[in-house]
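Chemist: A predicted structure for the sequence below; I have some questions about it.
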Amino acid sequence: MLVRQYCTILSLFIWVLSVGAHAQPASTAREKQNVVAMRMIGHELLLASGDYLSRVLPIVHEGQAYRIRFAADLAFDPDQLVTIVDSVMRKTQTATSYVVEVEQCATKLIVYSFEISATINPNQVACKTRAQPKDCYSLLVTLLEPQAAGSAGSQLALTDAQTPTQAASPVPMLLFILVAVGALGVVILVVTLRKKKKQVPMPNANTIAIGQYVFDTRNMALWHNTTKDELTSKESDLLALLHASVNTTVERDVLLKNVWGDEGAYVGRTLDVFISKLRKKLEADPSIRIVNVRGIGYKLILGGEEE
């Protein structure tokens, strides 16, 4: 039964991973390159503004656009912005056509924007001489098309041609995960089965047969078939005392004094609680009963003995 349950869970896990691998496209080399390019743009802008300490926050991919955010306010010169973006785009061969929008954080207004394409070069961008005040800004860079093949972007075009192979690269990782999960499952299964196969202690001076149960007094454990139930020290002492006078009533005062000592006078109700716990742990064998002899105490009854 345990093996079947494990196999079912493992099969379901494999199916979920397989569906996830097909449903979600893997990150391509281009996307990773684009993110690196965006971080380079943010880094160069901070340096151009004289900021050598602030961080470029994680790049956010929004559709075809990438949002560049900063940990601190930024003052930028549009001319420097155009030059930096164009330089990074060329060096990283990210795209030949793109739109850059500078958004003010508080108002979400676009305070500056420009486009570069085959027909618009950096020298044709307007308003480059109007410096912007220091404020919280984010840059939204929308890539209109990648670097064209056969030009300076031939290296990127080669990367695109290799995309199917790279997109398939998660498959070995998926297999590795499946193998790891399978191996872990086998280990768990073996450990569980070993625990299940633990033998009931052999009869000795520290074990007592109580109906279908074996009471291990040394380890304070109650065995039923191959199931082990741990007992507290009080539960163990109480069961041993009741069994020592099996089928005979043991007075409450005797139980309290021997199990709780000097505290017996204050824990009268506690005794009833512990008796209830023992009854529950012995309920698998209907021939075992712990009965309350009203006004006197408790009696452990085994087999067909009457109260």
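Modeler: Thanks, I have the structure now. Numbers count the residues shown, from 1 in each chain.
Chemist: now for the residue lying closest to residue 109 once chain neighbours are set aside: which residues touch it?
Modeler: Spatially, and ignoring its direct neighbours in sequence, residue 109 is nearest to residue 103 (7.0 Å; C-beta to C-beta, 6 or more residues apart in numbering). In short, each C-beta sits where N, CA and C put it, glycine included. Counting by C-beta atoms under 8 Å, 6 or more residues apart in numbering, residue 103 touches 109, 110, 111, 137, 138, 139, 140.
Chemist: which one among those residues gets closest to residue 121?
Modeler: For the contacts of residue 103, the minimum distance to residue 121 (C-beta to C-beta) is 19.7 Å, reached by residue 139.
Chemist: and that closest one, what are its bridge partners?
Modeler: With DSSP bridges as the criterion, residue 139 is bridged to residue 68, residue 102.
Chemist: ok, residue 208 - contacts?
Modeler: 214, 215, 217, 240, 243.
Chemist: at 10 Å what do you get?
Modeler: By C-beta atoms under 10 Å, 6 or more residues apart in numbering, the contact list for residue 208 reads 214, 215, 216, 217, 222, 239, 240, 243, 244, 246.
Chemist: by neighbour count, which of those residues wins?
Modeler: residue 239 (25 neighbours; other C-beta atoms under 10 Å).
Chemist: just the contacts of residue 208: which are in helices?
Modeler: 239, 240, 243, 244 (DSSP state H).
Chemist: the protein: helices as residue ranges?
Modeler: 2-23, 29-48, 78-92, 154-161, 163-167, 170-196, 233-244, 252-260, 268-281.
Chemist: and those, which one is worst for confidence?
Modeler: By mean pLDDT, the lowest-scoring of the helices of the chain turns out to be helix 154-161, with a mean of 38.
Chemist: outline the domain layout of this protein.
Modeler: As given by automatic domain parsing, the domain ranges for the chain are 2-25+170-194, 29-167, 207-301.
Chemist: run a quick neighbour tally on residue 143.
Modeler: So residue 143, with other C-beta under 10 Å, has 20 neighbours.
Chemist: what residues are up against it?
Modeler: 30, 34, 37, 63-66, 89, 94-99.
Chemist: try it again at 8 Å.
Modeler: 34, 64, 65, 66, 94, 95, 97, 98.
Chemist: now residue 85
Modeler: Residue 85 sits next to 41, 98, 100, 116, 141 when contact means C-beta under 8 Å, 6+ apart.
Chemist: tell me which of the residues you listed fall in strands.
Modeler: The strands, defined by DSSP state E, take in 98, 100, 116, 141 from the contacts of residue 85.
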